[in-house]
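**Student:** Fold the stuff below for me.
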Amino acid sequence: MDKNAKQSCPSCGLEHNQTDIFCSRCGYKLETGGKKFLDWKWVFLSMIALVLFQILVLAVTYYLVYIIAGPESFMSNMLVIPYAAIPAAVVTGAFLFSYIFARSSAADSAAGMLIFLLLSNMYNFIFLDAFSFAALAWIPVVAALAFAGAWTATKLRLYTSARKNQKASGC
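**Tutor:** Got it, this is the predicted structure:
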């Protein structure tokens, strides 16, 4: 394949090199011939990465609260910590994962979180006999946060590649 050969984006018409993966204007996946709704490999990889990142953030947060507030205050605030730490961990983790792994999409991160949360709630219901509508209400919120973090990373990656293209062309 000729590296200098040009192709036009089917979505917006902008010309790109044959080696480009994404359109720098609209984000269309050039390499695969379009945007796939979900790539299951990236769904499961993002799910694992986001869960591990959440565990890390929760562990650090619990440790810091315990050190700063002391044991008495820690016990009284122990159940509040996840409501602040988990949303922040999901947005940040999805952003980092999508920025590092350019082939994953925002939908992949959101689907990974959705699958994990549905499985964990099913586990709680079946094995722990613990079911709550409040836990179910968190599922779309956390999935939306994962989508937002990954979408932001995608937009930042497109912006930085467009800026590099502008500098390279001398504009």
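
**Student:** And the protein, split by domain according to the record?
**Tutor:** The chain breaks down into these domains under automatic domain parsing: 1-35, 37-169.

**Student:** Now tell me which of these the model trusts least on average.
**Tutor:** Here the lowest mean pLDDT among those goes to domain 1-35, at a mean of 68.

**Student:** Buried residues, stretch 45-53. List them.
**Tutor:** Burial within stretch 45-53, assessed by neighbour count using 16 or more other Cβ atoms under 10 Å, is assigned to 45, 46, 47, 49, 50, 51, 53. C-betas here are computed from N, CA, C, even on glycine.

**Student:** isn't the last one right up against residue 93?
**Tutor:** When you say that, I think you mean residue 53. Yes - contact status for residue 53 versus residue 93: in contact at 3.6 Å, counting by Cβ atoms under 8 Å.

**Student:** Quick one: residues in contact with stretch 103-114.
**Tutor:** If you take Cβ atoms under 8 Å, 6 or more residues apart in numbering as the criterion, stretch 103-114 is touched by 21, 35-39, 42-48, 50, 90, 94, 97-98, 139, 142-151, 154.

**Student:** Buried by neighbour count, from the residues you listed: which ones?
**Tutor:** Counted by 16+ other Cβ under 10 Å, the contacts of stretch 103-114 give 39, 42-43, 45-47, 50, 90, 94, 97-98, 139, 142-151, 154 as buried.

**Student:** Mind checking which of the residues you listed are in helices?
**Tutor:** 42-43, 45-47, 50, 90, 94, 97-98, 139, 142-151, 154 (DSSP state H).

**Student:** For residue 23, which non-adjacent residue is closest in space?
**Tutor:** Nearest non-adjacent residue to residue 23, counting by Cβ to Cβ, 6 or more residues apart in numbering: residue 9, 4.1 Å away.

**Student:** Around that neighbour, how many other residues sit close by?
**Tutor:** A count of neighbours around residue 9, defined by other Cβ atoms under 10 Å, yields 18.

**Student:** just residue 103 next, same as before
**Tutor:** A count of nearby residues for residue 103, using other Cβ under 10 Å, gives 14.

**Student:** what about the residue positioned nearest the centre of the chain, distance to residue 16?
**Tutor:** Nearest to the mean C-alpha position of the chain, counting by Cα atoms, centre = their mean, stands residue 94 at 2.4 Å. Going from residue 94 to residue 16 by Cβ to Cβ, to the nearest Å gives 27 Å.
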